[in-house]
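> Following is a predicted model, sequence given first.
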Amino acid sequence: MARRKIVAGNWKMNMTPSEAVELVKTLAPLVESDDVDVVYGVPAIDIVPVVEAVKGSKVAVAAENMYFEDKGAYTGEIAPAMLVDAGVKYVILGHSERRDYFKETSEDINKKVLKAFEYGLTPIMCCGESLEQREQGITMDWIRQQVKVGFQNVTADQAKTAVIAYEPIWAIGTGKTATSEQAEEVCKGIRECIAEIYDEATAEAIRIQYGGSVNAGNAAELFAMPDIDGGLVGGASLKADFGKIVNYK
Ligand code: 13P
């Protein structure tokens with residue numbers, strides 16, 4: 001069965017609650033699609049108003065992070081049950097900005113991935129190499145490590161429903177997109193890694209996105225690659241262009 005494409009926006013630390021509602025209204029007629037899953041990844045404080053604003057549409061909402069404990073004395077953190085209760089369906093985990101600036105390790109991210117599944121949230125687990133790693137020729141070794149640790153103790157049935165976002169760090173926010181061949185090569189490698197950990201059926205089912213300077217001009221070529229099942233979109237998700245990316249065909 002063909003995998004359904006999934007195009008998710010990662011708003012990062014942008015949009016106040018009122019701006020968020022405005023953006024959802026602007027995008028509403030532009031992101032309608034019968035064959036692409038559309039997700040808005042929004043800052044925690046925007047979750048409640050955005051869930052309300054997308055009601056009645058097919059758009060799902062993602063959190064940009066989540067803690068791996070159920071509840072308790074973790075000042076400033078957001079618990080999985082809070083996301084579920086607010087109507088969130090997906091959670092972006094292990095974005096390179098969280099790994100770099102907030103020192104999240106693959107082990108932390110694995111705990112979050114497991115917790116997300118426990119609560120019925122779909123993780124969008126990010127991985128990606130730095131420019132230095134690419135130049136050293138260790139891209140695939142690094143990504144395989146991130147995927148293997150990130151998916152420790154995740155069952156095949158859970159993995160089948162997961163989303164992995166391949167985001168080369170050098171392509172994020174730089175306007176320097178990976179070529180469709182570069183992106184495909186790594187996404188294919190990730191799928192092979194999933195086949196090794198689990199089996200072919202799991203590898204065929206899991207959805208793998210590309211992220212890093214995706215825009216209205218390059219989405220069609222990237223998403224046409226056999227192992228790229230959509231995109232995780234930063235900057236371009238904050239404007240009308242996001243509608244063109246969703247309707248890339
Ligand atoms: P840009 O699309 O702004 O490069 O960001 C990509 C990204 O980090 C999405 O998670």
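Sure, I can see it.
> Only C-alpha atoms from now on, for both contacts and neighbour counts.
Will do.
> for the residue with the largest distance to the centre of the chain, helix, strand, or coil?
Each residue of the chain has a distance to the centre, and by CA atoms, centre = their mean the biggest one is for A73: 27.8 Å. Using DSSP: H, G, I helix; E, B strand; the rest coil, the structure places A73 in coil.
> where's it relative to Y67, distance?
Distance, A73 to Y67, by CA to CA, to the nearest Å: 12 Å.
> I164 too?
18 Å.
> Same question for K12.
17 Å.
> So those two - more neighbours on which side?
More crowded of K12 and Y67, by other CA atoms under 10 Å: Y67, with 20 against 17.
> Before we go further, that one is sitting in a strand, right?
No - going by three-state DSSP, the assignment for Y67 is coil, not a strand.
> State the pLDDT value of it.
Per-residue pLDDT puts Y67 at 98.
> Repeat that for K111.
98.
> was I right about it contacting D70?
No - look at K111 against D70 with CA atoms under 8 Å: they stay out of range, at 11.4 Å.
> Who has more neighbours out of the two?
Taking neighbours as other CA under 10 Å, K111 and D70 compare with K111 leading, 19 against 12.
> Return the residues in contact with the more buried one.
F68 (CA atoms under 8 Å, 6 or more residues apart in numbering).
> Okay, and it sits in which element?
Here K111, judged by DSSP states H and E, is contained in helix 106-118.
> immediately after that helix, which helix or strand?
Following helix 106-118 toward the C-terminus (DSSP H and E): strand 122-127.
> what's that next one in contact with?
In contact with strand 122-127 (CA under 8 Å, 6+ apart) are residues 89-96, 113, 116-117, 143, 146-147, 150, 161-168.
> now with 6 Å?
Y90, V91, I92, L93, G94, H95, A162, V163, I164, A165, Y166, E167 (CA atoms under 6 Å, 6 or more residues apart in numbering).
> Keep only those of these that are in helices.
The helices, defined by DSSP state H, take in nothing from the contacts of strand 122-127.
> Put together TSV for these, with neighbour count, distance to the ligand and pLDDT on each row.
As requested, those are exported to TSV (neighbours: other CA atoms under 10 Å; distance: CA to the nearest ligand atom, whole Å; pLDDT from 0 to 100):
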residue	neighbour count	distance to the ligand	pLDDT
Y90	26	14	99
V91	25	12	99
I92	26	8	99
L93	30	10	98
G94	30	10	98
H95	23	7	98
A162	23	16	98
V163	22	13	98
I164	25	11	99
A165	29	8	98
Y166	27	9	98
E167	28	7	98
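> Could you list which of those residues belong to strands?
The members of the contacts of strand 122-127 that map onto strands under DSSP state E are Y90, V91, I92, L93, V163, I164, A165, Y166.
> Farthest-apart pair in those, please.
Y90 and Y166 (16.4 Å; CA to CA).
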